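Chemist: okay, predicted coordinates and the sequence, questions at the end:
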Amino acid sequence: MHRFLAPLAEPVTYSRWIHLVVPMALISVWLFIEPGVPWQLALLAVPVGLLPVMRVGEGVQAQLLLTPGERGRADATISLSPATTWGEKWRTVLWLELRLLLSIVVGTATVWLPFMATDMVRAATGDYTGNGIFQLIEPRSWYVVLAPLPLLLLLALVVLCGRFTTAVARRLLGPSRTERMAALEELTEQLLERNRIARELHDSIGHALTVSVVQAGAARTADDPEFTRRALVAIEETGRAALDDLERVLRVLREPGASADRRPTLIAIEQLLESARGSGVTVDAEVVGRIDHLPDSLSREGYRILQESLTNALRHAGQVPVRVRIDVERDRLELDVRNPLAGSVRRSATGGHGLQGIRERAKLLGGSAKAGPREGEWRVHVALPLRHAG
């Protein structure tokens, strides 16, 4: 029973009802002008439906009333684009003809069936004064029990016709293959952008929080006011940099046209290394080649990969020596970060959002990333080809 009654509680059922009876208003006006069967409207629908803009108008109405949950979505099943091919134009014509026919059926039922229920009640009380079928039958009180049947029939007709109309609209007004491909590409771009922003926030904020926690812990246990002062200064600088990154990312979200080029690059490596050293960790860095000659996109991603590698070392290994090597060759950039296993021995070489983000960044640039224990050390090695960077 719930299965049959559930559609009656859905608002879309009644918005579809409105969509079904709207053309009936036009038909009613036409009948005042030209009484009889409104076959002229069916003929008029042909040239009107061939207009490219007609598909837009019908698509807007269909999305608004038949599929309101899809409004504004890139993967909507009803198109809002004008007809560009003869196939789309003739499908619009067929849609208009079917819509007129369904409107006559549902519109007539909407008026006639409630009157029929009222007539049954009047016939049961002997108060029927009309000229319909109930004038020919004898009054019976049990007619009252049958009075709801026309209303139930109307509701069932509205639900079925609404679903049928929606299915037909998706078929006749649905996006073409080109439109579906464009919508899929737009959706893919949105997902990629969301993933990129998620990686940015994870790497930047995660690094800042990790460094701050390590520095705060070291300052709490150290009996040295000068060390505590330096730790607090480092926490302040790290937090300020994280806030700058957060503001930049939020600006990109608020303003789709905002540039994301202010992200840090490998040129700012010393600031990144000093942030790690400020937490009491010894970081030895070796740079081979000219990192200032790297393409911006490659340099930005390299910075984030190095940042996440240092964050993992601080988070899982604690205050152990870390060795960093950056090697810029003619055709590729190599990043290598190592630290003694210590507390990091339990880290998984495949799990964790940080390592996954490193692999995703490397893959997007056509490179490779390896992470795991090797000869008593935890090693992250990333190779990025220069020829894929732009």
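Modeler: Yep, that arrived.

Chemist: so where is the stretch 201-350 of the chain shaky, pLDDT-wise?
Modeler: 203, 207, 215, 218, 249, 251-262, 279-280, 317-318, 342-350 (pLDDT under 70).

Chemist: can you give me the strands in it?
Modeler: 283-288, 322-328, 332-340 (DSSP state E, counting those that start in this stretch).

Chemist: torsion angles phi and psi at Val56?
Modeler: Dihedral pair for Val56: phi -70, psi -50, per degrees, to the nearest 10.

Chemist: what about it, how many residues nearby?
Modeler: 17 (other C-beta atoms under 10 Å). Any C-beta I mention is one placed from the backbone N, CA and C, and that applies to glycine too.

Chemist: swap in Leu101?
Modeler: Leu101: 12 neighbours (other C-beta under 10 Å).

Chemist: now swap in Thr125 and tell me
Modeler: If we define neighbours as other C-beta under 10 Å, then Thr125 has 11 of them.

Chemist: from Ala147, how far off is it?
Modeler: Taking C-beta to C-beta, to the nearest Å as the measure, Thr125 and Ala147 are separated by 11 Å.

Chemist: same question, Asn312
Modeler: In terms of C-beta to C-beta, Asn312 sits 74 Å off from Ala147.

Chemist: which residue ranges of the stretch 1-150 of the chain form helices?
Modeler: With DSSP state H, counting those that start in this stretch as the criterion, the stretch 1-150 of the chain has helices at 2-5, 11-33, 39-49, 52-65, 86-125, 143-146, 148-172.

Chemist: with mean pLDDT added, can I get those helices in CSV?
Modeler: Shown next, in CSV, are those (pLDDT from 0 to 100):
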stretch, mean pLDDT
helix 2-5, 71
helix 11-33, 83
helix 39-49, 79
helix 52-65, 91
helix 86-125, 86
helix 143-146, 76
helix 148-172, 92
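
Chemist: which one of these lies nearest to Glu179?
Modeler: Of all these, helix 86-125 sits nearest to Glu179, with 9.9 Å by C-beta to C-beta.

Chemist: angle of the closest one against helix 39-49?
Modeler: 150 degrees (axes from the mean of the first three to the mean of the last three C-alpha atoms, to 10 degrees).

Chemist: list the buried residues for helix 86-125?
Modeler: By 16 or more other C-beta atoms under 10 Å, the buried positions in helix 86-125 come out as 88-89, 91-93, 95-100, 102-104, 106-107, 109-110, 113, 116-117, 119-120, 122-124.

Chemist: the inter-axis angle of that helix versus helix 52-65?
Modeler: 40 degrees.

Chemist: I'd say Glu334 and His381 touch.
Modeler: Yes - if you go by C-beta atoms under 8 Å, Glu334 and His381 touch, sitting 7.3 Å apart.

Chemist: same list, the strands of the stretch 201-350 of the chain, but as TSV with mean neighbour count and distance to Pro385 please.
Modeler: Shown next, in TSV, are the strands of the stretch 201-350 of the chain (neighbours: other C-beta atoms under 10 Å; distance: least, C-beta to C-beta, whole Å):
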stretch	mean neighbour count	distance to Pro385
strand 283-288	14	17
strand 322-328	19	12
strand 332-340	21	5
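
Chemist: sweet, I'm off.
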